[in-house]
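> structure for this input, please:
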Amino acid sequence: MQPGPSGAHIVQLLQRLQMTWLLTHLPPKLVRAAYMLVNGFITIALLAILAAITGNPFVFPSLGPTAYLFFFTPLADAATPRNAILGHAIALACGFGAFSAAGLGYFQNGFPAHLFWPRVLAAALSLSATGAIMVLLDINHPPAGATTLIVSLGIIAQPRLLPIIEAAVVLLTLQAFVINRLAGIPYPLWDRAPR
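Residues are numbered from 1 along each chain as shown. Now for the predicted structure:
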């Protein structure tokens with residue numbers, strides 16, 4: 001496997017684990033796929049176990065693309081802890097704000113299917129506000145776009161659950177930090193070098 005933007009960290013990890021024989025016996029794409037498989041499984045499984053134990057949503061759809069960024073392109077701007085944690089926080093705030101502004105918060109157990117226009121308003125408002133605020137604050141984390149829709153559409157919109165969702169992002173980020181540092185990647189503690 002040639003070290004490159006999407007493979008150098010895998011080579012470093014295999015060297016640390018004294019498993020470089022994989023590099024000569026398996027195709028590079030298969031080694032990269034195995035790396036994603038193992039790390040994606042470990043990180044999401046730990047959060048799923050925590051969700052099962054606590055009965056809280058420590059796993060939700062936008063964690064998938066966040067985990068993918070953390071392990072496929074760990075040195076990308078979108079994969080920094082700062083962008084992941086702040087991006088999802090902005091998304092949660094905008095999603096809940098849009099959910100409330102559209103009047104969807106009045107329905108305790110979800111909302112009736114015939115409330116189409118409030119849903120359209122909530123989705124459009126949450127995504128546009130999330131994007132605008134992220135641009136203003138120089139935060140780049142595309143999976144936050146999914147988080148804001150999860151909240152604004154009422155999939156997970158109870159105020160008591162929003163800090164749990166953010167805690168899940170922080171826990172995933174901590175796991176990515178540990179795994180990437182074990183792999184020998186100079187994964188940032190918070191942000192990349194000044195722009």
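> neighbouring contacts of stretch 128-147?
60-66, 69, 77-78, 82-84, 86-88, 90-92, 94-95, 97-98, 127, 148, 165, 195 (C-beta atoms under 8 Å, 6 or more residues apart in numbering). Bear in mind the C-beta positions are built from the backbone N, C-alpha and C, glycine included.
> now stretch 80-93, how far from the centre of its chain.
Centroid separation between stretch 80-93 and its chain, computed with C-alpha atoms, centre = their mean, to the nearest Å, is 9 Å.
> actually stretch 65-78, sorry about that
The answer for stretch 65-78 is 9 Å, by C-alpha atoms, centre = their mean.
> and for stretch 44-63?
The answer for stretch 44-63 is 13 Å, by C-alpha atoms, centre = their mean.
> so what touches it?
For stretch 44-63, contacts defined as C-beta under 8 Å, 6+ apart pick out 64, 67, 88, 91, 143-147, 150, 156, 161, 164-165, 167-169, 171-172, 175.
> this structure: helices as residue ranges?
Here the chain has its helices, by DSSP state H, at 8-16, 21-25, 28-54, 63-72, 81-101, 116-136, 144-152, 162-182.
> give me the buried positions along the shortest one.
Translated: helix 21-25. Leu22, Leu23 (16 or more other C-beta atoms under 10 Å).
> which elements pack onto that helix?
Helix 21-25 sits against helix 8-16, with contacts defined as 3 or more C-beta pairs under 8 Å, 6 or more residues apart in numbering; DSSP states H and E.
> this completes my enquiry, with thanks.
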